[in-house]
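What follows is a predicted structure for the sequence shown.
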Amino acid sequence: MAPSLSLADRLADVRTRMDSAARAAGRDPASVTLVAVSKFHPASSVQEAIAAGQTVFGENRVQEAAAKFPPLRAQNPDLRLHLIGGLQTNKAKDAVRIADMIESLDRPALADALAHAAESLGRMPDLLIEVNTGDEPQKFGVPKEEADSFIRLCRQRFGGSLRGLMCIPPAAEDPTPHFRLLRSMAETHGLPVLSMGMSADYPVAIAEGATLVRVGTAIFGPRPALA
Ligand SMILES: *Cc1c(COP(=O)(O)O)cnc(C)c1O
């Protein structure tokens, strides 16, 4: 990472590459939203990104997001927070309280916990179902072969709050078949949002139909180690 590049420069570079990938695929660049993944980075970095025009952020831990975002949101009402990490049921209430979108709904017990939290808090974030397209045992996400029935169940339960699907392809594989599988599942179920693509592969994901890309390192630099 060139130290001479500021966060604003890196953000502008990501936006430029997103626009070219969309145009090359014959898509409207406005149909793809950048989720800037700020996990492990301090609120001051988020503030720099906000100053450079970024409004949508992704965090993977509820506790970290709950400490970082409410104060930023007070000053920036347009801010949108996506929770993108595996979610424990005992964090569901905090997640529903702070998130605009939860991208990692992946099992019936979590659907129950989110539904209860939404009822008691009187708010429901938008939801994406995370699909484990690589069937990796250690990964979050509903297994491929259970995805159809889980999507139908969540559709019935959450109606229009269920917006789409998310995946994290296995790191060592060509992501394209995973992106295609996710897209075809979303099309089958008439779901409009496809969250796929990270720093290493977001242009490919856009070529394959991503409407949300989750980019961390390419914007914020390497993540500092957590204390
Ligand atoms: C950390 C993370 C990202 C961002 O990864 P980068 O490679 O830093 O762009 C995207 N999605 C999820 C679910 C993540 O946890």
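Great, that's in hand.

low pLDDT regions in this structure?
Applying pLDDT under 70 to the chain flags residues 1-3, 226-227.

And the helices in it, which stretches?
For the chain, the helices defined by DSSP state H cover 7-24, 43-51, 62-75, 92-98, 108-121, 144-158, 176-188, 202-207, 217-220.

Show me the one of those helices that comes nearest the ligand.
Closest of those to the ligand is helix 217-220, at 3.4 Å (criterion: C-beta to the nearest ligand atom). (C-beta placed from N, C-alpha, C; glycine too.)

mind listing what's buried in the closest one?
218, 219, 220 (16 or more other C-beta atoms under 10 Å).

picking up where we left off before, could the helices of the chain be laid out in JSON lines, adding distance to residue 32?
Listed next are the helices of the chain as JSON lines, based on distance: least, C-beta to C-beta, whole Å:
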{"stretch": "helix 7-24", "distance to residue 32": "5"}
{"stretch": "helix 43-51", "distance to residue 32": "17"}
{"stretch": "helix 62-75", "distance to residue 32": "23"}
{"stretch": "helix 92-98", "distance to residue 32": "25"}
{"stretch": "helix 108-121", "distance to residue 32": "26"}
{"stretch": "helix 144-158", "distance to residue 32": "22"}
{"stretch": "helix 176-188", "distance to residue 32": "13"}
{"stretch": "helix 202-207", "distance to residue 32": "6"}
{"stretch": "helix 217-220", "distance to residue 32": "15"}
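
How much space separates residue 33 from residue 156?
Between residue 33 and residue 156 the computed distance is 27 Å (C-beta to C-beta, to the nearest Å).

same deal with residue 109?
Taking C-beta to C-beta, one finds residue 109 at 17 Å from residue 156.

same thing with residue 8?
44 Å.

Same check on residue 64?
With C-beta to C-beta as the criterion, residue 64 and residue 156 are 32 Å apart.

can you list the residues of this structure near the ligand?
37, 39, 60, 84-85, 168, 198-200, 214-218 (C-beta under 6 Å from any ligand atom).

can you list these in CSV and add distance to residue 142?
Output for the residues of the chain next to the ligand, formatted as CSV (distance: C-beta to C-beta, whole Å):
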residue, distance to residue 142
37, 22
39, 22
60, 18
84, 15
85, 15
168, 13
198, 20
199, 25
200, 24
214, 18
215, 24
216, 23
217, 26
218, 28
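
Just the ones in strands from those residues, please.
37, 214, 215 (DSSP state E).

residue closest to the middle of the protein?
The residue lying closest to the centre of the chain (C-alpha atoms, centre = their mean) is residue 84, at 4.7 Å.

Give me the phi and psi angles of that one.
The phi and psi values for residue 84, taken as degrees, to the nearest 10, are phi -120, psi 0.

Quick one: residues contacting it.
35, 37, 58, 59, 60, 103, 104, 166, 195, 214 (C-beta atoms under 8 Å, 6 or more residues apart in numbering).
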